[in-house]
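>>> Next one to model:
(chains A, B, C and D)
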There are 2 protein chains.
Amino acid sequence: MIEKSIEESIVLSIFDLSNQLKKIGDEVYQKVGLTTQQWLILLHLANNPNLPFLKREEHKKALMASELADSLNVSRANITNLVNVLLEKGLVQQFEDSQDRRKKRLSLTKQGVALVEKTQPSRFAVIEYLMEGFTKDEKETFLRFLEQSMNRIINDQERIKSFHKMLVGV
Amino acid sequence: MIEKSIEESIVLSIFDLSNQLKKIGDEVYQKVGLTTQQWLILLHLANNPNLPFLKREEHKKALMASELADSLNVSRANITNLVNVLLEKGLVQQFEDSQDRRKKRLSLTKQGVALVEKTQPSRFAVIEYLMEGFTKDEKETFLRFLEQSMNRIINDQERIKSFHKMLVGV
DNA sequence: ATAAATAGTTAATAGTCTTAACCATTTCCG
DNA sequence: CGGAAATGGTTAAGACTATTAACTATTTAT
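The predicted structure is shown next:
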């Protein structure tokens, strides 16, 4: 018999909710022929200040593919493919970095900007509806919680791996 | 320019965290030759009381494939494949329902139970480390928050779709 | 008694992502 | 300085995950 644990409940609920949110998102993005990942790239290039990655580090120059790979936690090869679709659709444009010719900077086209702006209200409406009834304080605590967890995952990889080592020999 | 929004920050952080947690999990499960999805099935069959699905509805009889499909939000065909792997590995067993011969009930084998029990401590250690420093009250608020959001997604599909209709014509 | 619904499976296939090898360029440092 | 290592990006091959559609078997509804 596994015992009740509020901590495990939270983790499992986060999984569940993230899945559901992704499904909701997919329905919207499919209407404009995009996947969730492609959509997230647009949000990055729109410099959405709510993206954890953009909160963690400041980016003065336009983003490049390898930074997107970091943020989305996927391979660079994968980003190449995702960005190619966005280029074909005319939502994104690419230009070479003047100082480092290995780098290609990415930015939204006019159409890309227009798409992000057009979809923003309905995204906000869904999000706010889901969180209705909680106070600002509660939401802030919740966000701190999410950010602490993320920071620990990012900074204390070693520590977390040491927990795994309990499993050696299974 | 997209404005700062604590609500959007929360949603994007949930995505991010869920991704990271999945990656951490994958590393552990790979050691025992399982995927996250297969692992989640084991947790269901172990009757883990922290699973949102098992909290939402009581299940007196052993679970069947279509219930797992509901909980994990995937197709029944997919569950067939996932369960086949667990059957081959001898972690799960299947038996026919006595009252309804269409149904196949699933349960853990001795080895399945042993595996779940063996991995539980390290899972708990990671989870508790991530949430260290928050009070019980705060954690309860998060959980209520997560559960409210999930309930709204499940029960108010219509309402949420109406937000999407803002997008018609994009 | 027949139609519709439910449970599960199979086969074909779409979609997403990864790894490995590669080129070009830049940085490091002996 | 000059070669080695690191970084950024791409391509090709394929693994993996999941889906849809068609099918069988059984049960439920009318």
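
>>> What are the buried residues along the helix or strand of chain A with the lowest mean pLDDT?
The least trusted helix or strand in chain A, going by mean pLDDT, DSSP states H and E, turns out to be helix A:157-164, with a mean of 78. For helix A:157-164, a neighbour-count test (16 or more other CB atoms under 10 Å in any protein chain shown) marks A:160, A:163-164 as buried. Yep, even glycine has a C-beta here, placed from its N, CA and C like the rest.

>>> Remind me what it packs against, helices and strands.
helix A:136-155, helix B:6-31, helix B:110-131 (3 or more CB pairs under 8 Å, 6 or more residues apart in numbering or on different chains; DSSP states H and E).

>>> circling back: could you redo the buried residues of helix A:157-164 as TSV and give each row distance to residue B:10?
Formatted as TSV, the buried residues of helix A:157-164 follow (distance: CB to CB, whole Å):
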residue	distance to residue B:10
A:160	23
A:163	26
A:164	28
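
>>> quick one, which of the helices and strands packed on helix A:157-164 is nearest to residue B:150?
Closest approach to residue B:150 among those is made by helix B:6-31 (11.4 Å; CB to CB).

>>> could you turn the least confident helix or strand of chain A into PDB, dropping everything but the C-alphas?
Extracted in PDB, the C-alpha atoms of helix A:157-164 (Å, rounded to 0.1, in the frame of the first residue of the first chain):
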ATOM      1  CA  GLN A 157      21.700  17.800 -11.000                       C
ATOM      2  CA  GLU A 158      24.400  16.000  -8.900                       C
ATOM      3  CA  ARG A 159      22.200  15.900  -5.800                       C
ATOM      4  CA  ILE A 160      19.300  14.600  -7.700                       C
ATOM      5  CA  LYS A 161      21.400  11.900  -9.400                       C
ATOM      6  CA  SER A 162      22.600  10.900  -6.000                       C
ATOM      7  CA  PHE A 163      19.000  10.000  -5.100                       C
ATOM      8  CA  HIS A 164      18.800   7.800  -8.100                       C
END
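
>>> Is chain B within reach of stretch A:27-46?
Yes. On the criterion CB under 8 Å from any CB of the partner chain, stretch A:27-46 is in touch with chain B at A:27-28, A:31-32, A:43, A:46.

>>> wait, does that stretch contact DNA strand C?
Yes. Against DNA strand C, stretch A:27-46 shows contacts by CB under 7 Å from any atom of the strand at A:35, A:37.

>>> what does that stretch rub up against?
A:22, A:25-26, A:51, A:53-54, A:62-63, A:68, A:71-72, A:74, A:79, A:82-83, A:85-86, A:89, A:91-92, A:106-108, A:112-113, A:115-116, A:119, A:122-123, B:2, B:12, B:164, B:167, B:170 (CB atoms under 8 Å, 6 or more residues apart in numbering or on different chains).

>>> which of the residues you listed come close to DNA strand D?
A:79, A:83.

>>> Mark which of the contacts of stretch A:27-46 are buried, thanks.
Members of those classed as buried by 16+ other CB under 10 Å are A:25, A:51, A:53-54, A:62-63, A:68, A:71-72, A:79, A:82-83, A:85-86, A:89, A:91-92, A:106, A:108, A:112, A:115-116, A:119, A:122-123, B:2, B:12, B:164, B:167.
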